[in-house]
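>>> I would like to see how this sequence folds:
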Amino acid sequence: MRTIGIVGGIGAGKSTVVSLLTELKKCFVIGADEMGHRILLKGDLAYDKVIETFGREILDEEGNIVRRKLGAIVFGDQEKLKALNAITHPIIFNEIKTLLEQCKEQKKWDIVIIDAALLIEIGLIELTDYVIAVYADEKTRVERLMKRDEFTKEQVLERINKQKKWEELEKVADFVIDNRYTRQHTKEQMVKMLEQL
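Numbering: from 1, shown residues only. Modelled structure (predicted):
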């Protein structure tokens, strides 16, 4: 079993690469973003600590954390974002480490994919055997996101500029997949990549 981490900026097409990998091999996909959402649910691992840190104004009438309210607090403020990450990142790391150990014991999968926008920041890169960096130029990414999420160009560029630069992602990559063109073009690169694993 190989563990593969996927990195790439918003709009580069990480989900295309994940979906192609699952077509080509028996894969188990661990979605770190979904896990980040789950641990904020009432009674889950980050719930109490996040309320203790950010106050009850982030809750709705039922006592659930409203991620939009939490987001509004942290995204303009580096210190508050750091405080949130200090709570959530270690939990996500430990949960994923446990899941990986279970997958190894089950011996059912060729590949376990860690799909995490913050693979490097959370430290999940330590748990991978290989890292795939998914590339698409800025123009392509802007067009995709404007179409997919109906963002304005300014909104897309703001998100792109908040993320790690391509050069930083490329540095940690064992393989680069160019995802500017067709799905078939991407698939051919991945078939070649899998031959090398």
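>>> wait, doesn't Thr22 sit right on Ser15?
No. Contact criterion C-beta atoms under 8 Å: Thr22 and Ser15 do not qualify, at 10.6 Å. Bear in mind the C-beta positions are built from the backbone N, C-alpha and C, glycine included.
>>> number of nearby residues for the closest residue to Lys164 other than its chain neighbours?
In space, and not counting its chain neighbours, Lys164 is closest to Ile120: 6.9 Å by C-beta to C-beta, 6 or more residues apart in numbering. For Ile120, the count of nearby residues is 18 (other C-beta atoms under 10 Å).
>>> Which helix or strand contains Ile120?
According to DSSP states H and E, Ile120 maps onto helix 119-122.
>>> Doesn't Ile113 lie inside a strand?
Yes. Under DSSP: H, G, I helix; E, B strand; the rest coil, Ile113 falls within a strand.
>>> Can you mark which positions in the longest helix along the chain are buried?
Longest helix of the chain, by residue count under DSSP state H: helix 78-106. Neighbour counts over helix 78-106 (16 or more other C-beta atoms under 10 Å) mark 83-84, 87-89, 91-93, 95-96, 99-100, 103 as buried.
>>> before we move on, what about stretch 42-54?
Neighbour counts using 16+ other C-beta under 10 Å place Leu45, Ala46, Tyr47, Lys49, Val50, Ile51, Thr53, Phe54 of stretch 42-54 among the buried residues.
>>> Wait, the third one touches Leu41, no?
Yes. Assessed by C-beta under 8 Å, Tyr47 is found in contact with Leu41 at 6.6 Å.
>>> what touches both of those two?
Ile65 (C-beta atoms under 8 Å, 6 or more residues apart in numbering).
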